[in-house]
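[1] Have a look; sequence and predicted model below, questions after that.
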Amino acid sequence: MQILHSVRRLLRRPGVATSPVPMHRLSSTSRPLLSFVASAWPHSALARRDFPLTVAPNPALHLISGFSHGSRCMASASGAKGYKSGKPGRRSLISSINNHSAISQGMKKVEARGTSLEVRRRPTKERKWAVVLSNDEEDVSPVEILPKSTHRDGSLYNTSTHVWKRNYRVADRSETRVEPMMLSNPTNCTIRNGRCTQHVPRHMLQCFSIKLAKLFVDSGPVELYGYIAVRDGLDPLLNYVVNLSRDDPIIVEQGSLIKMSGPKRGIDMYNVILIEYDMRIKTGEKEDDDLQLIDGISIIEDMGGIWNCAFTTRIAGDHGEIDFTSSRVRRAVEATVEVTISQVQSSFDLCLRCFIGGFDEEIRLFDGAIGESRGLKRSVIALGEGSTMDLKFRIGAESSAGSAEHGCSFKADTHGHATRDIKTGFGLISVKVTWSTLIHGF
């Protein structure tokens, strides 16, 4: 009943725009709503605080949290204590699944096994959502799929069924209109004590990696295509993190990283973010014959004081599971990384990794062969105010197993840009990082 009551409160919330016309930034100053997530966490102090929701989809993402800068951690049942092992407490996951998932999703099998709990629903064509929690993967939390949010059956596009569909304009398939670097060189700064107080850092989401965690097909490597995108309150149109066409799929196997093509610009982490996905396994000549990997929409919320900690959520689908590793970064700036390779002497392999201050997780920006002068794809990173970003270039000859590593570092700033040149035996690497805060009131 508490869950249903929270849903009704979200749907009755006044002052939420539902018009399909272009919208300004979604914002809330009154912060009146109790997070729907908290209803699944009845003993937590988090359940008794208000969360700054602009638009409140339902149900919410499983509660995930972090405690110390530069670590992987998740909330305990009290929402206040970590674990010496660095892994989440099993009891906290059981509590949320038992109180929320098994109720709201009608799971057919909830089986207690000693101190662990496994919630699993076998893949079927009729399945609309899934929760999978494996006993041997305690640092991965299941994510819920919002009802009536799938692409294949068209339920996502019926905006009359849920208010959040209108608020986030999910029927609009356009890419976000906001560009990166929009405030890299503003003319209306207010400088106090050497700092700009007109354009300030904002909380942002940083995606570290996306991995094909599980495959439910016995075919070895598969051809994968489709997309994963986010919709935020800055501009709810699609901001692609992965975008692969059926004509140009990638070949991956279980456990492989999925190459990220984005995001196009920084992801605003004020309030609710939608993660929209439709990824498929190519199996034949016709798209109708392909297998659905994951399909639907999930959410990530601003969780109050839970920041600067990497966490992994698992999206389960009909024929596999995707792991999405990210972090909520407090007071972040947008760093746009542009790398140019010139004066190429001979072909070489290049792996470019990015590390942001306080995190062990890497962001893989490029991994491939360089045969001629070229620019790499532009990458956008969320970097905490005053922290450092390290870029590491691993370079090796295509015919050799050996490699050498070069690197450069940049300290986050509000505006402007910085450059570095790295000379190697294979060519010249030029790096430009442009700093910007997220634009307000778009």
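    Received it, and whenever you're ready, just let me know what you need. Numbering: from 1, shown residues only.

[2] if you go through the stretch 201-350 of the chain in chain order, where are the strands?
    In the stretch 201-350 of the chain, the segments counted as strands under DSSP state E, counting those that start in this stretch are 202-215, 222-231, 239-244, 250-252, 267-268, 273-282, 291-300, 311-316, 320-342, 348-356.

[3] residues making contact with the fifth one?
    Yep, that's strand 267-268 we're talking about. Strand 267-268 is contacted from outside by 202-207, 230, 232-234, 239, 273, 382, 438, using C-beta atoms under 8 Å, 6 or more residues apart in numbering. In this view, the C-beta of every residue, glycine as well, is placed from N, C-alpha and C.

[4] Show me where this structure dips below the pLDDT cut-off.
    Applying pLDDT under 70 to the chain flags residues 1-138, 303-305, 399-401, 441-442.

[5] on that earlier part again, looking at the contacts of strand 267-268, which is nearest residue 295?
    Distance to residue 295 across the contacts of strand 267-268 (C-beta to C-beta) is lowest for residue 230, with 16.2 Å.

[6] quick one, what contacts the closest one?
    205, 238-239, 241, 263, 267, 273-276.

[7] Skipping adjacent residues, who's closest to it in space?
    What sits nearest to residue 230 in space, not counting adjacent residues and going by C-beta to C-beta, 6 or more residues apart in numbering, is residue 239, at 5.0 Å.

[8] just the helices in this protein please.
    For the chain, the helices defined by DSSP state H cover 2-11, 90-96, 102-104, 163-167.

[9] Residue 306 and residue 328 touch, don't they?
    Yes: with contact defined as C-beta atoms under 8 Å, residue 306 counts as touching residue 328 (6.8 Å).

[10] Pick out whichever of these two has more residues nearby.
    Each of residue 306 and residue 328 has its neighbours counted (other C-beta atoms under 10 Å); residue 328 has more, 27 against 21.

[11] Is it correct that residue 150 is in contact with residue 294?
    No: Residue 150 lies out of contact with residue 294 (C-beta under 8 Å); the separation is 9.8 Å.

[12] out of these two, which sits in the busier spot?
    Counted by other C-beta under 10 Å, residue 150 and residue 294 do not tie: residue 294 has more neighbours, with 24 against 20.

[13] residues in contact with that one?
    Going by C-beta under 8 Å, 6+ apart, residue 294 touches 277-279, 315-317, 320-322.

[14] now the residues you listed in JSON lines, with neighbour count?
    Compiled in JSON lines, those are given as follows (neighbours: other C-beta atoms under 10 Å):
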{"residue": "277", "neighbour count": "25"}
{"residue": "278", "neighbour count": "20"}
{"residue": "279", "neighbour count": "23"}
{"residue": "315", "neighbour count": "26"}
{"residue": "316", "neighbour count": "25"}
{"residue": "317", "neighbour count": "26"}
{"residue": "320", "neighbour count": "23"}
{"residue": "321", "neighbour count": "22"}
{"residue": "322", "neighbour count": "23"}
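
[15] distance of residue 256 from residue 213?
    10 Å (C-beta to C-beta, to the nearest Å).

[16] now do residue 293
    If you measure residue 293 against residue 213 using C-beta to C-beta, the figure is 11 Å.

[17] same check, this time on residue 280
    16 Å.

[18] same deal with residue 273?
    Taking C-beta to C-beta, one finds residue 273 at 21 Å from residue 213.

[19] thinking again about what came up before, give me the number of residues near the residue nearest to residue 230?
    24.

[20] quick one: contacts for it?
    175-176, 229-232, 262-265, 267.

[21] For residue 403, state which of these is nearest.
    residue 262 (27.2 Å).

[22] hmm, back to that, which ChimeraX command selects the buried ones in the contacts of residue 230?
    Buried residues among the contacts of residue 230 (16 or more other C-beta atoms under 10 Å), as a ChimeraX selection:
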select :205,238,239,241,263,267,273,274,275,276
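
[23] How many residues are close by the closest residue to residue 251 other than its chain neighbours?
    Counting by C-beta to C-beta, 6+ apart, residue 221 is the residue found nearest to residue 251 once chain neighbours are left out, at 5.2 Å. By the measure other C-beta under 10 Å, the count of residues near residue 221 is 12.

[24] just checking, residue 221 touches residue 253?
    Yes: at 4.4 Å, residue 221 and residue 253 qualify as touching, with contact defined as C-beta under 8 Å.

[25] Who are the contact partners of the nearest residue to residue 322 once chain neighbours are set aside?
    Counting by C-beta to C-beta, 6+ apart, residue 322 lies nearest to residue 315, which is 4.6 Å off, once chain neighbours are set aside. By C-beta under 8 Å, 6+ apart, the residues touching residue 315 are 143, 145, 275, 277, 294, 298, 321-324.

[26] now, which of these sits nearest residue 183?
    Here the nearest of the contacts of residue 315 to residue 183, counting by C-beta to C-beta, is residue 275; it sits at 25.5 Å.

[27] Could you tell me how far the closest residue to the closest one other than its chain neighbours is located from residue 345?
    Of all residues not flanking residue 275 in the chain, residue 298 sits nearest, at 4.9 Å (C-beta to C-beta, 6+ apart). Residue 298 is 47 Å from residue 345, where distance means C-beta to C-beta.

[28] repeat for residue 241
    The gap separating residue 241 from residue 345 is 34 Å, by C-beta to C-beta.

[29] got it, and residue 267?
    Distance from residue 267 to residue 345, by C-beta to C-beta: 38 Å.

[30] Residue 276 too?
    Per C-beta to C-beta, residue 276 is found 44 Å from residue 345.

[31] can you check residue 183 too?
    As for residue 183, its distance to residue 345 is 39 Å (criterion: C-beta to C-beta).

[32] between those two, which one's more packed in?
    residue 183 (21 against 10).

[33] Tell me who's in contact with that one.
    199, 415, 436-439.

[34] any idea how far the residue nearest to residue 322 is from residue 146?
    According to C-beta to C-beta, residue 315 stands 12 Å off from residue 146.

[35] Show me which of residue 280 and residue 213 is the more surrounded one.
    Neighbour count, other C-beta under 10 Å: between residue 280 and residue 213, residue 280 has more, with 25 against 21.

[36] My read is that that one contacts residue 222, right?
    No: assessed by C-beta under 8 Å, residue 280 is found out of contact with residue 222, at 9.9 Å.

[37] Hmm, residue 412 and residue 386 touching each other?
    Yes: counting by C-beta under 8 Å, residue 386 touches residue 412, with 5.9 Å between them.

[38] Settle it for me: which of those two has more neighbours?
    residue 412 (23 against 12).

[39] Apart from its chain neighbours, what residue comes closest to the more buried one?
    Residue 412's closest residue in space is residue 383 (C-beta to C-beta, 6+ apart), at 4.5 Å.
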